[in-house]
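K.L.:
Task: produce atomic coordinates for the following.
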Amino acid sequence: MIKLDGIAAFVAVAEAGSISEAARRLRLSKSVVSERLTELERALGTSLLHRTTRRLSITDDGLAFRARANRIMQEVVDAAAEVSERRSSLAGPLRIAGPVSFGTLHLGPALYPFLRDNPGIDLTLDLDDRFINVAADGYDAVIRHGPIAETDLIAKPLAPSRRVLVASPDYLLHRGRPRSIAELEDHRAIVYTNRGTVDWRFQTRDSTVIARAASSLHVNNGLVMRDAAIAGLGIALLPTFMVHAALTTEALNMIDIGAEPESAVVHIAYPKNKRVSAKLYALIECLRRTFGDPPYWDR
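P.N.:
Next up, the predicted model:
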């Protein structure tokens, strides 16, 4: 007899690429996940996975079974969510991903009251600055700071985001305050590496202008960039949601060069081909209300 928990274990391993990572996502021990996989293979009379000490791969039978297994598990999740919605309660698993800095500063605090008001929701929040493939990585939605390029996703805006140039008072005292894009290029830059470019883009009345400064630090985390700027290492271009507190305490000063840095939007995106649950809709509305328009970090 094929058991649902065996199918769930197989789907998790296929998505995660390893039994240990699947066990972490399922909140089970590796031995339990392995036992459920073995029982499923015994019931099917075939091997679904090739296991060696170094790697794990899916067999041809496993690939054929995976597509149906994914649909089965999604139907179970959707059915449970529909029953909960009929009872006018929000319940069941919800898995989202978001960037580390925004998640730490704003997303987490916004989620705590939402979860307190909806105790039936089992939320998994993964914070990671790497690119997340929403459907392939098994998420219900992803939160991103910036544009959504994938055509298989539906993107909903959560809040506008303004970027500003900042530096410490000590840095500006010793190096001077740039007043133009040309003067900016004589300064030291703290650069965010995950954007794919090391230049800064500004909107003037007529066009987009690119500025390049000598780099003092390349880093893939905005909070480290902020702290490096506070430490006086150079000028950073950062969203106001990351520096509003430091600007208030004057640990950082805003720099006006007569041109506005390119703005962005904080989005939440989810797959087009997947049923959107009531709990995800409720989460989106909660985040929009909490952040506000204009968002509270810009007031």
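K.L.:
Three-state assignment for residue 290, please.
P.N.:
Assigned with DSSP: H, G, I helix; E, B strand; the rest coil, residue 290 falls in the helix class.
K.L.:
burial count for it?
P.N.:
With neighbours defined by other C-beta atoms under 10 Å, the count for residue 290 comes to 18. Using the backbone N, CA and C atoms, a C-beta is placed for each residue, glycine as well.
K.L.:
Let me see the contact set for the nearest residue to it once chain neighbours are set aside.
P.N.:
Spatial nearest neighbour of residue 290, excluding adjacent residues (C-beta to C-beta, 6 or more residues apart in numbering): residue 110 at 4.3 Å. By C-beta atoms under 8 Å, 6 or more residues apart in numbering, the residues touching residue 110 are 286-287, 290-291.
K.L.:
if we go to 7 Å?
P.N.:
286-287, 290 (C-beta atoms under 7 Å, 6 or more residues apart in numbering).
K.L.:
Same check on residue 224?
P.N.:
By C-beta under 7 Å, 6+ apart, residue 224 has no neighbours at all.
K.L.:
what's the distance between the helix or strand containing residue 241 and the middle of its chain?
P.N.:
Assigned by DSSP states H and E, residue 241 belongs to helix 240-248. Centroid separation for helix 240-248 versus its chain: 20 Å, with C-alpha atoms, centre = their mean, to the nearest Å.
K.L.:
Pull out the buried positions in it.
P.N.:
In terms of neighbour count (16 or more other C-beta atoms under 10 Å), helix 240-248 has its buried residues at 240-244, 246.
K.L.:
again with stretch 254-274
P.N.:
255, 257, 259, 261, 265-271, 274.
K.L.:
ok, the residue nearest to residue 120 when sequence neighbours are not counted - how many residues close by?
P.N.:
Among residues not flanking residue 120 along the chain, residue 91 sits closest, at 3.1 Å (C-beta to C-beta, 6+ apart). Residues near residue 91, counting by other C-beta under 10 Å, number 19.
K.L.:
Check the gap between residue 91 and residue 119 for me.
P.N.:
The gap separating residue 91 from residue 119 is 9 Å, by C-beta to C-beta, to the nearest Å.
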